[in-house]
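# here's my sequence, what's the structure:
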Amino acid sequence: MNLIDQVGRLKELDAEATIAPWETEESDEGHEIRMGEAIESRGQYQTHHIIEYNHGCESSDDSSVAEEEQYLEAQANAYLISELRNVAPAMLEVLGGFRPGDSEVLTGLLLANAPYGNPAREVLRRMRAMAAKMEEQ
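Numbers count the residues shown, from 1 in each chain. Reported below is the predicted structural model:
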């Protein structure tokens with residue numbers, strides 16, 4: 001399976017998942033990733049879908065260097081999850097523009113239409129590299 005196929009699968013999952021925005025907050029046990037907009041509730045608080053990322057790491061004045069590094073890594077993981085979710089639709093739209101054979105077409109354009117010194121040459125070179133990556137098995 002190449003990345004072109006995987007983008008199709010990710011688009012399907014994106015359509016089924018809770019829509020953005022997702023936000024990350026610290027909690028007593030780690031971090032909470034709040035998904036989408038809160039919905040009305042009969043209770044005192046609005047409700048969210050929440051991923052409780054209870055990594056158990058702490059950051060305090062008494063933390064060792066290793067403990068602090070582990071906490072910062074766990075914190076980065078939580079923020080990465082929510083940030084990737086927030087940009088996923090746009091990234092999938094861009095990546096979904098690639099088709100099998102694009103790298104070959106771009107190679108032809110590069111050779112035929114982009115002499116050295118032409119700024120389009122660098123653009124086509126980057127696009128060809130991206131298309132080739134998308135087509136790899």
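# ranges for the helices of this protein?
Here the chain has its helices, by DSSP state H, at 3-16, 65-95, 102-113, 119-135.
# how near is the residue nearest the centre of the chain to residue 4?
For the chain, the residue nearest the mean C-alpha position is residue 84 (3.1 Å; C-alpha atoms, centre = their mean). From residue 84 across to residue 4, the span is 19 Å (C-beta to C-beta, to the nearest Å). For glycine as for every other residue, the C-beta is placed from the backbone atoms N, C-alpha and C.
# top strand in the protein by residue count?
Counting by DSSP state E, the longest strand found in the chain is strand 31-39.
# neighbouring strands of that one in the sheet, and parallel or not?
When pairing is defined by DSSP bridges, strand 31-39 lines up against strand 22-26 (antiparallel), strand 47-53 (antiparallel).
# who touches that strand?
18-26, 46-53, 55, 74-75, 78, 81-82, 85 (C-beta atoms under 8 Å, 6 or more residues apart in numbering).
# pLDDT below threshold where in the protein?
Across the chain, the ranges flagged by pLDDT under 70 are 38-48.
# give me the phi and psi angles of residue 136.
Phi and psi for residue 136, reported as degrees, to the nearest 10, are phi -60, psi 140.
# pull the number of nearby residues for the closest residue to it other than its chain neighbours.
Of all residues not flanking residue 136 in the chain, residue 2 sits nearest, at 5.9 Å (C-beta to C-beta, 6 or more residues apart in numbering). For residue 2, the count of nearby residues is 13 (other C-beta atoms under 10 Å).
# how far away is residue 136 from residue 1?
10 Å.
# kindly apply the preceding question to residue 22 instead.
27 Å.
# then residue 58?
From residue 58 to residue 1 the distance is 40 Å (C-beta to C-beta).
# and for residue 128?
Counting by C-beta to C-beta, the separation of residue 128 from residue 1 is 21 Å.
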